[in-house]
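Enquirer: the sequence isn't on hand, but the structure is:
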């Protein structure tokens, strides 16, 4: 049994957390849910299309599409359900956020910021989720001026209801024609993630 993590955050301090998505092949994010360290649940904090890199193998550089999540304490657990459109398959995963990640999120660091062209204080308040065919998920932690650190690589399980969970195909999003043509020619590059 996993024991819950508790971060040492001063009373009343809130960290604005950004859940950011980057991915290699096309995915449709059904939902991202977060439980913060207070035990409060935030449902459907993100969903829909993720950012596309246009590069089928490996992970892209930088973040992807993001959505700020305000008034949430440090994340204790993230639940993710998405569709790998190229397979097609639905996956789900529950990620326990390690204590060291939460500690890093509230630790100020000096960094050279490309946007302001000067050294300034920044926080690693962005969690990036990368989703790939085969149910692979990579998680990174970074900030707007700080580089990203890998948190971990996870294997999701196949969603039992599949991509057509409503039985009518309303939830399944087929790959766009260009992506499908690439898949037909080259196959899915499993193992490159």
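Expert: Here it is on my side, so go on. Computed from a predicted structure; not experimentally measured. Residues are numbered from 1 along each chain as shown.

Enquirer: pLDDT weak spots in this structure?
Expert: For the chain, the stretches flagged by pLDDT under 70 are 1-25, 48-68, 164-173.

Enquirer: what segments of it are helices?
Expert: 99-105, 177-186 (DSSP state H).

Enquirer: nearest to residue 86, out of those helices?
Expert: helix 177-186 (5.4 Å; C-beta to C-beta). (C-beta placed from N, C-alpha, C; glycine too.)

Enquirer: quick check: buried residues in the closest one?
Expert: Buried residues in helix 177-186, defined by neighbour count with 16 or more other C-beta atoms under 10 Å: 179, 182-183.

Enquirer: tabulate the residues you listed in a markdown table, adding columns for distance to residue 80.
Expert: Formatted as a markdown table, the buried residues of helix 177-186 follow (distance: C-beta to C-beta, whole Å):
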| residue | distance to residue 80 |
| --- | --- |
| 179 | 21 |
| 182 | 25 |
| 183 | 23 |
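
Enquirer: what about the residue positioned nearest the centre of the chain, distance to residue 189?
Expert: Centroid check for the chain by C-alpha atoms, centre = their mean gives residue 129 as the closest residue, at 1.9 Å. Separation of residue 129 from residue 189 (C-beta to C-beta, to the nearest Å): 19 Å.

Enquirer: do you have the strands of this protein handy? List them.
Expert: With strands called from DSSP state E, the chain shows them at 17-23, 27-36, 41-49, 65-69, 75-84, 89-96, 109-113, 118-122, 126-132, 136-142, 149-155, 157-158.

Enquirer: can you get me a residue count around the nearest residue to residue 32 once chain neighbours are set aside?
Expert: Nearest residue to residue 32, sequence neighbours excluded (C-beta to C-beta, 6 or more residues apart in numbering): residue 46, at 4.4 Å. When neighbours are counted by other C-beta atoms under 10 Å, residue 46 registers 21.

Enquirer: hang on, residue 46 packs against residue 28?
Expert: No. With contacts counted by C-beta atoms under 8 Å, residue 46 stays clear of residue 28, the gap being 11.6 Å.

Enquirer: once you drop chain neighbours, what's closest to residue 148?
Expert: residue 142 (3.5 Å).

Enquirer: wait, isn't that neighbour in contact with residue 151?
Expert: No. If you go by C-beta under 8 Å, residue 142 and residue 151 don't touch, sitting 10.0 Å apart.

Enquirer: how much space separates residue 103 from residue 78?
Expert: Between residue 103 and residue 78 the distance is 17 Å, computed by C-beta to C-beta.

Enquirer: more crowded one of the two?
Expert: Set side by side, residue 103 and residue 78 show more neighbours around residue 78, with 21 against 15, by other C-beta under 10 Å.

Enquirer: ok, the more buried one - contacts?
Expert: Neighbouring residues of residue 78 by C-beta atoms under 8 Å, 6 or more residues apart in numbering: 19, 32-34, 94-95, 97, 127, 129.
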